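S.K.: Starting from these lines, generate the structure:
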Amino acid sequence: MNRPNYHLTPLLYSFLAIICLFVLSCTSNVSNSSKSEIAQWRGLDRNGIYPETELLDVWPENGPELLWKYEGIGKGYAAASVLGDKLFVNGEQDSTSYLFAFNLSGNLLWKAENGKEFMGDGFSATYPGSRSTPTIVDDLVYTTSGKGRIACFDVVSGTEKWAVDIVNDLDGTEPYFGYSESVVIDNNKLFCFAGGEKNNTLALDRYNGEIIWSVTAMQDTFSYCSPVLVELPEKNVLLTHSRHFMYTMDAENGTLLGSSALDYKYDGEHCNSPLYSDGAIYFISNEKNDGALKLNLTAEGALTEQWKNPKIKNNFNGYVKVDNKLFTMIKGNKLLSIDSNSGVITDSIKAATGSIIYADNKFICYGMNGDVSMITYNEDGFQLKSNFKVNEGSGQHFAHPVINNGVMYIRHGNTLLAYLIK
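M.R.: Numbering: from 1, shown residues only. Alright, predicted model coming up:
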């Protein structure tokens, strides 16, 4: 019986090798292109840490160089998000919510209307304007007004793709101080907390706004939290809190995985986002009986309390974890270092109470009095390296600073400022 001849000529070998390399190259490009570019609340991982290097070790006496400022974004406290060559920030004009898009030279590219903005009533009218930070994923930007209108826009043109009203469309409830949630994205899902009896926590299709799943969750009322997505080996977990509970959910279907009770009194609110690091969740409230706490997160998404320190309180200015220490600002103008294993305060330094972020081995603290401080920490403790005061803008100094490519962006009310810190 004649057998076919499978011997290949050198020329054919070369041809097949070229074909294989081409296929592998295409596969690699598909894999790389499938990974989304994201910018969001408190940095890529929502933990207040920015992967910057070669930042200035000392600022000039009057502060870092002010590259540009833009006056006209209106009332509010919303921080900026930067992705690629564009910056986005929520603002307000004539009680209307707007999403502003800038290039990195501070030139306005477009602004898009997003319904009515929260202006408050009674005591809450003391804090009018925009609250949430835009979430950018590739060529789409998602934003929420203080009245609860979630909208998706094209990053280049500002064209609105879809919008959902949390109160009118999802039967949610408007919080006393308005919606401040900065939405989080997982693949095709956008998660939001509506706070309704039926539609309490939801996943929306990020491409059209349609409901993927809706659950009653803990059947609890709203709190001023932006959720965090935790990627565990077996599943992605949505971590968030309501007024009375910290809880975790399966991001795929909304199944409740774990919960832990939070202390709440009428005269206080939970306004911080939880922080995830190395299998544990950290949270600091302003409540008498809670303060700072650490919860262990199991592989299944369940929660167990490890420690609690009621002496450490932070209302809405955030905290960061670096190595085995948790760092936070507290009332009384102090920056604390806390042992993350025990919850014990290990060191402190005087610094104006406010928000905190971390980059290039430096803590940047933006005080509610307008002071901006650069502080380092090592085995010898804290050291104040530089500080300056933000004099431009108006209203409360509540927005968190943002760093991108050596530039620090600070929003103070009506004004957005860009400082060169590299």
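
S.K.: Give the closest residue to residue 40 in space, chain neighbours not counted.
M.R.: residue 135 (4.5 Å; Cβ to Cβ, 6 or more residues apart in numbering). Just so you know, the C-beta spots here come from the backbone N, C-alpha and C atoms, and that holds for glycine as well.

S.K.: same question, residue 92
M.R.: Nearest residue to residue 92, sequence neighbours excluded (Cβ to Cβ, 6+ apart): residue 74, at 3.5 Å.

S.K.: what's the answer for residue 181, then?
M.R.: residue 226 (5.3 Å).

S.K.: Surely the one you found and residue 134 touch.
M.R.: No - taking contacts as Cβ atoms under 8 Å, residue 226 lies outside contact range of residue 134: 11.7 Å.

S.K.: so what sits against both of the two?
M.R.: Contact criterion Cβ atoms under 8 Å, 6 or more residues apart in numbering; residues shared by residue 226 and residue 134: residue 182.

S.K.: And the two? Which one has more around it.
M.R.: Neighbours were counted for residue 226 and for residue 134 using other Cβ atoms under 10 Å; residue 134 has more, 29 against 24.

S.K.: that older thread, hey, what's the residue nearest to residue 40 bridged with?
M.R.: Assessed by DSSP bridges, residue 135 has beta-bridge partners residue 142.

S.K.: Now do the residue nearest to residue 92, the pLDDT please.
M.R.: pLDDT, residue 74: 98.

S.K.: ok, residue 181 - contacts?
M.R.: Contacts of residue 181 by Cβ under 8 Å, 6+ apart are 132, 144, 192-193, 224-227.

S.K.: Quick check: it vs residue 240, distance?
M.R.: 9 Å (Cβ to Cβ, to the nearest Å).

S.K.: Which residues are in contact with each of the two?
M.R.: 193, 225, 227.

S.K.: Please name the residues that touch the second one.
M.R.: What that stands for is residue 225. Per Cβ under 8 Å, 6+ apart, neighbours of residue 225: 181, 193, 240-242, 270-274.

S.K.: So which of those residues sit within strands?
M.R.: The strands, defined by DSSP state E, take in 193, 240-241 from the contacts of residue 225.

S.K.: Closest one to residue 257 out of those, please.
M.R.: The closest of the ones in strands among the contacts of residue 225 to residue 257 turns out to be residue 240 (Cβ to Cβ; 11.8 Å).

S.K.: tell me the contacts of the closest residue to that closest one other than its chain neighbours?
M.R.: The shortest distance from residue 240 to any non-neighbouring residue, by Cβ to Cβ, 6+ apart, is to residue 227 (3.8 Å). Residue 227 is in contact with 181, 184, 191, 193, 238-240, 273, counting by Cβ under 8 Å, 6+ apart.

S.K.: Quick one, which of those residues are buried?
M.R.: 181, 184, 191, 193, 238-240, 273 (16 or more other Cβ atoms under 10 Å).

S.K.: Redo these as JSON lines? Include pLDDT and distance to residue 86.
M.R.: Below are the buried ones among the contacts of residue 227 laid out as JSON lines (pLDDT from 0 to 100; distance: Cβ to Cβ, whole Å):
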{"residue": "181", "pLDDT": "96", "distance to residue 86": "22"}
{"residue": "184", "pLDDT": "97", "distance to residue 86": "20"}
{"residue": "191", "pLDDT": "98", "distance to residue 86": "24"}
{"residue": "193", "pLDDT": "95", "distance to residue 86": "27"}
{"residue": "238", "pLDDT": "98", "distance to residue 86": "27"}
{"residue": "239", "pLDDT": "97", "distance to residue 86": "28"}
{"residue": "240", "pLDDT": "95", "distance to residue 86": "28"}
{"residue": "273", "pLDDT": "94", "distance to residue 86": "24"}
